[in-house]
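1. Structure, please.
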Amino acid sequence: MESTEETRGAIDLRERLEESEKQLTGEGNKVSRPKIQRIPAYMAEKLEFQRYYRTQIISFDPFQQSQGWLYKEAWAAMYLKHTNLKFDDLFRELTGEGGWSLKPMWDKLYDDHGHLYKDNVIVDGCCVLELLEKSDLSVDPEQELKISMDKLVRVHQDLLILDNQLPFQLLRLLCQDQEKLQKCLCNFLQVHGIQTAPKLPGKKTENEEVKVTVDGDDDEDPIHLLDYLRKALLMRDQHTFYKAINHKKMKRGSLHLRKYRIGTIRELKAAGIRVTKDSHNNSMYPSFKDGMLQLPELIVDGSTPHIFLNLVAYEMCPDFRNNFEISSFLVFMSSLIDQPEDVKELRMAGVIINELANDKEVADLFNKMDTILVPETPLFADVRDQIHSHFESKRGRIRMLSWMGEASNTFFRSPWTIIALLAATLGLVLTFIQTWFAIHPKS
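-> Below you'll find the model as predicted:
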């Protein structure tokens, strides 16, 4: 009897291990399809990041439905009214095959008995669609949505939070008009300063600017709005960038979690490296050639930390296999920026558009992001290696310019230090003259 129980236990253990292996390997797919995830604990526990991971106005968590409920119900009612959709039709959609397809994506949509939270799902989804539709720059969102602009900004920040995402399949079920859905998503990107958008699978629109291929498969919907935002940031020239570096023998991503240093903007400038805005490539990828570092234009405003820190948390999710492009970009930029003077140089070059109070706030923001640790990836390793090679070839000049910079900071930082330097110089000259005439008196 005891032997039988041990055998059964061994079988259960083997089956559990095999199931875990299947979940981990994902049948060998290069890029997995993640569920709606929670923010990784080691990211959420960072005190300086916590404010960017909490909702402020509205929450789509079934256990926090009271937060922003008035706005959600009102906007859902507005959406149903002007689209002429009926609750009964939506219920049938959500309880049919389309609704059940949400279960593998987001378990929070279902109770302990596997029943869909239909009321919550319809209200939340319609609320988001109404919000995005009325965020068009050609309309007055304050008047249309009956909310003050400062609160509306925070609502849009809530849509960025990883813990607060709704499945994109839900939005597609509730808005079956392809062009209207594409317009809503374009509005979402424009609110956050992104002018071009990835194409949705399906019918092409007349105003489509860029055909997008993400992770080698353009037939997949985004997972949620945050995933869509990430694809929009990475979509342009991604494959061109990979093609440019793949002709070299590149090392695989390093296992060392480290902050790989490139040098601040002032150090690059001292080495004769010019920093310019890349006007032909709006992606997140830098490039370096012939002593010129080209960087994408970056708008920095109050929503920037919400965008980037939630994208970093998304890339850190265990079931999302990716190349840490956003995280690598932030590590790259935080290496370039140390002081407000570095921000000023980037601003003068047209790389950074600063919509915060001053350059110090931008520097503080990137210094805060400097705590992000990611494996070094081929995307940025190639640029880093080229910059380091340039540094080595200009080492003597760098030392001379660094000495001149230190001397300038020491002796010319204020009018008083300049006066003191001139007085000391004059004293040395007079002492030299006095000594000269003492040694060579007039005959």
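2. Now do the end-to-end distance for stretch 327-344.
-> Stretch 327-344 has its terminal residues 23 Å apart, counting by Cα to Cα, to the nearest Å.
3. Could you pull up the mean pLDDT of that stretch?
-> The average pLDDT within stretch 327-344 is 92.
4. Would you indicate which residues of that stretch are buried?
-> For stretch 327-344, the neighbour count (16 or more other Cβ atoms under 10 Å) marks 327-338, 340, 342-344 as buried. C-beta coordinates here come from the backbone N, C-alpha and C atoms, glycine included.
5. what's the neighbour count on D290?
-> 6 (other Cβ atoms under 10 Å).
6. measure it to D278 for me?
-> 14 Å (Cβ to Cβ, to the nearest Å).
7. now D319
-> 33 Å.
8. Comparing these two, which residue is more hemmed in?
-> D278 (19 against 12).
9. surely the more buried one meets M292?
-> No. Using Cβ atoms under 8 Å, D278 makes no contact with M292, being 9.9 Å away.
10. Which two of the buried residues of stretch 327-344 have the greatest separation?
-> S327 and K344 (25.6 Å; Cβ to Cβ).
11. Tell me who's in contact with C126.
-> C126 is in contact with W75, A76, Y79, L80, L85, L174, counting by Cβ atoms under 8 Å, 6 or more residues apart in numbering.
12. min pLDDT across these, which one?
-> Among those, L85 has the lowest pLDDT, at 87.
13. which ones are touching it?
-> L85 makes contacts with Y79, C126, L174, as judged by Cβ under 8 Å, 6+ apart.
14. any low-confidence regions in the stretch 1-150 of the chain?
-> 1-6, 9, 23-36, 63-66, 96-118 (pLDDT under 70).
15. Can you list the residue ranges for helices in it?
-> Ranges of helices in the stretch 1-150 of the chain, per DSSP state H, counting those that start in this stretch, are 2-25, 41-44, 69-83, 87-95, 97-100, 118-133, 141-145, 149-158.
16. and the second one, what other elements does it pack with?
-> What it means is helix 41-44. helix 304-315 (3 or more Cβ pairs under 8 Å, 6 or more residues apart in numbering; DSSP states H and E).
17. The very next helix or strand once past the helix it packs on vs helix 304-315, what angle?
-> Next helix or strand after helix 304-315 toward the C-terminus (DSSP states H and E): helix 325-336. Between helix 325-336 and helix 304-315, the angle comes out at 130 degrees (axes from the mean of the first three to the mean of the last three Cα atoms, to 10 degrees).
18. what's in contact with helix 325-336?
-> By Cβ under 8 Å, 6+ apart, the surrounding residues in contact with helix 325-336 are 230, 233-234, 259-265, 268, 284-286, 298, 308, 311-312, 315-316, 342, 346, 366-367, 369-370, 372, 374, 376-377, 379-380, 383-384.
19. let's see 6 Å
-> 234, 261-262, 265, 284, 308, 311-312, 315, 366, 369-370, 372, 374, 377, 380 (Cβ atoms under 6 Å, 6 or more residues apart in numbering).
20. Double-check that L171 belongs to a helix.
-> Yes. Counting by DSSP: H, G, I helix; E, B strand; the rest coil, L171 is part of a helix.
21. Give me the pLDDT for K360.
-> K360 is given a pLDDT of 95.
22. So it is in contact with P340, correct?
-> Yes. Between K360 and P340 there is a contact under Cβ atoms under 6 Å: 4.6 Å.
23. sorry, back to before: with distance to R154 added, can I get the contacts of L85 in JSON lines?
-> As requested, the contacts of L85 are exported to JSON lines (distance: Cβ to Cβ, whole Å):
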{"residue": "Y79", "distance to R154": "20"}
{"residue": "C126", "distance to R154": "20"}
{"residue": "L174", "distance to R154": "24"}
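24. For Q56, state which of those residues is nearest.
-> C126 (20.7 Å).
25. mind checking the SS state of I353?
-> On the three-state scheme (three-state DSSP), I353 is labelled strand.
26. residues contacting it?
-> I353 neighbours (Cβ under 6 Å, 6+ apart): I299.
27. Go again with 8 Å.
-> E297, L298, I299, V300, R347.
28. List the contacts of the residue nearest to the spatial centre of the chain.
-> Residue closest to the mean C-alpha point of the chain, counted by Cα atoms, centre = their mean, is F308 at 3.0 Å. Residues counted as contacts of F308 (Cβ under 8 Å, 6+ apart) are I326, L330, M369.
29. and it, how far is that from L145?
-> 26 Å.
30. cool, and R266?
-> 45 Å.
31. In terms of neighbours, single out the busier of those two.
-> With neighbours defined as other Cβ under 10 Å, R266 and L145 compare such that L145 has more, 21 against 18.
32. my read: that one touches L132, true?
-> No. In this structure L145 lies outside contact range of L132 using Cβ under 8 Å: 10.8 Å.
33. Now tell me what touches stretch 52-69 from outside.
-> 39, 43-44, 71-72, 108-109, 117, 120, 124, 127, 151, 154-155, 157-158, 161-166, 305-306, 309-310, 313.
34. Buried among those residues? Need that as a selection in ChimeraX.
-> Selecting the buried subset of those in ChimeraX, with 16+ other Cβ under 10 Å as the burial test, is done by:
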select :39,43,71,72,108,109,117,120,124,127,151,154,155,157,158,161,162,163,164,165,166,305,306,309,310,313
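35. now the host helix or strand of N367 against helix 325-336, angle please.
-> Assigned by DSSP H and E, N367 belongs to helix 359-369. Counting by the same axes, to 10 degrees, helix 359-369 lies at 120 degrees to helix 325-336.
36. Now helix 359-369 - C-alpha only, PDB.
-> The C-alpha coordinates for helix 359-369 follow below in PDB (Å, rounded to 0.1, in the frame of the first residue of the first chain):
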ATOM      1  CA  ASP A 359      16.700  70.400 -17.400                       C
ATOM      2  CA  LYS A 360      17.400  69.200 -13.800                       C
ATOM      3  CA  GLU A 361      14.000  67.400 -13.700                       C
ATOM      4  CA  VAL A 362      14.900  65.500 -16.800                       C
ATOM      5  CA  ALA A 363      18.400  64.600 -15.500                       C
ATOM      6  CA  ASP A 364      16.800  63.500 -12.200                       C
ATOM      7  CA  LEU A 365      14.300  61.300 -14.100                       C
ATOM      8  CA  PHE A 366      17.000  59.500 -16.100                       C
ATOM      9  CA  ASN A 367      19.200  59.200 -13.000                       C
ATOM     10  CA  LYS A 368      16.300  57.500 -11.300                       C
ATOM     11  CA  MET A 369      16.000  55.100 -14.300                       C
END
